[in-house]
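>>> Have a look at this prediction, sequence included:
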Amino acid sequence: MKTFQDKVLSLVKKIPKGKVSTYKAVGKALRRRGQVYRAVGRALKENIYPVAIPCHRVVCSDGSIGGYSRGVRKKIALLKKEGVEVKKNKVVDFKKKLFTFF
DNA sequence: CCCATGACTAATT
DNA sequence: AAATTAGCCATGG
């Protein structure tokens, strides 16, 4: 069954390593109007596919980490591992590493 | 169908 | 610049 969550997860899966995306971008990619990012964040929190989805590549619009089911620390660690530095809970060169699906 | 919740964001104070 | 308020979408009970 194709749900909103499935679409979100599919997109998140497509985010290339070393890059990050935002909840807003995902919503835009889904062609939803208004603030879909709410539902997006909620969908990821459900996290029905724990390892299959690199949810850690999705951050807030301002570059802050936001949240993570396994803990923000873990998320930051994973990002750093992939080449994305995080300082003070903010992604370094966030705009450059931002992936908008377009 | 109505209410509550959430890993959000933009605007206001 | 930090904290608060309000707005909006999808999902579950």
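The structure has been received and is ready for your questions.
>>> Quick check: the residue of chain A nearest DNA strand B.
Closest residue of chain A to DNA strand B, Cβ to the nearest atom of the strand: residue A:67 (2.2 Å). (C-beta placed from N, C-alpha, C; glycine too.)
>>> Verify the stated contact: that residue with residue A:42.
No: counting by Cβ atoms under 8 Å, residue A:67 does not reach residue A:42; the two are 11.0 Å apart.
>>> how about the residues of chain A near DNA strand B?
Applying Cβ under 7 Å from any atom of the strand, we find that chain A lies next to DNA strand B at A:22-24, A:35, A:37-42, A:44-45, A:47, A:55-56, A:58, A:60-62, A:64, A:66-69.
>>> so where's chain A uncertain?
The model of chain A has no residue with pLDDT under 70.
>>> For it, what lies in contact range of DNA strand C?
A:3-5, A:32-36, A:38-39, A:42-43, A:46.
>>> switch to 10 Å and redo it
Residues of chain A lying close to DNA strand C (Cβ under 10 Å from any atom of the strand) are A:1-8, A:27, A:30, A:32-43, A:46, A:48, A:88.
>>> Drop anything exposed from the residues you listed.
Buried members of these, counted by 16 or more other Cβ atoms under 10 Å: A:5, A:7-8, A:27, A:30, A:36-37, A:39-41, A:43.
>>> rewinding a little: and the residues of chain A next to DNA strand B, which of them are buried?
A:22-23, A:37, A:39-41, A:44, A:47, A:55-56, A:58, A:60, A:66, A:68.
>>> Inside strands: which ones of those residues?
Counting by DSSP state E, these place A:22, A:58 in strands.
>>> Now do the contacts for the most centrally placed residue in chain A.
Most central in chain A under Cα atoms, centre = their mean is residue A:58, positioned 1.2 Å from the mean C-alpha point. Counting by Cβ atoms under 8 Å, 6 or more residues apart in numbering, residue A:58 touches A:12, A:15, A:20-23, A:26, A:40, A:44, A:66.
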